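> Test case, fold it:
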Amino acid sequence: MFKLNSRLQQDTVVVGQFNLSMVLLHKDANYPWCILVPKRLNLRELHHLSQGDRVAIMNESCHLSEVMTDIFAPETMNVAELGNMVPQLHMHHVARFKDDAAWPNPIWGAVEAKEYEAEVLASRLARLRSSLGGEGFTASSELNNDEKQGEGFSP
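Model (predicted):
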């Protein structure tokens, strides 16, 4: 049974779900930053996905990137799959701007995470949820009981 890694659960808010992947918003308000997590067991790397799931995650990633570009109008979109800290397959989608806290360097460790103000977080979530509609996306605001407090791997 799929479970979201506890670190991802701690650092993010649920935006919703595509057919394959959960869509999460990172709680660091320094950047518009979403994460896709395929709802598959025991995966750490992109090449561990089946061929069909590889196509699906690329389509979901492109749709998420297009929506984030439309909403935030960034200089560029950074899409990265890193598994150094969290051993569960996930893809970061970060809207980058020339005046952001880390430009032009990578965001990881550049500055301390900044907490969202409640109204800004609510507005960002509402805008993402409404804009992601279609393409198999369903808005939701929380994990179901099966997805909570996992390490992303079955015992």
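> how close does residue 31 get to residue 59?
24 Å (C-beta to C-beta, to the nearest Å). Every residue, glycine included, has its C-beta placed from N, CA and C.
> same thing with residue 15?
Distance from residue 15 to residue 59, by C-beta to C-beta: 17 Å.
> where do the strands sit along this protein?
For the chain, applying DSSP state E gives strands covering 12-17, 21-26, 33-38, 76-80, 91-96, 138-139.
> Switch those over to TSV; also include mean neighbour count and mean pLDDT.
As requested, the strands of the chain are exported to TSV (neighbours: other C-beta atoms under 10 Å; pLDDT from 0 to 100):
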stretch	mean neighbour count	mean pLDDT
strand 12-17	20	97
strand 21-26	24	98
strand 33-38	23	98
strand 76-80	15	97
strand 91-96	21	98
strand 138-139	14	94
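> If we ignore the residues flanking it in sequence, what's nearest residue 92?
residue 80 (4.7 Å; C-beta to C-beta, 6 or more residues apart in numbering).
> thought the one you found was touching residue 107?
No: Residue 80 lies out of contact with residue 107 (C-beta atoms under 8 Å); the separation is 9.3 Å.
> shared neighbours of these two, anything?
residue 94 (C-beta atoms under 8 Å, 6 or more residues apart in numbering).
> Who is the most centrally placed residue in the chain paired with across the strands?
Most central in the chain under C-alpha atoms, centre = their mean is residue 35, positioned 1.0 Å from the mean C-alpha point. Per DSSP bridges, the residues bridged to residue 35 are residue 24, residue 92.
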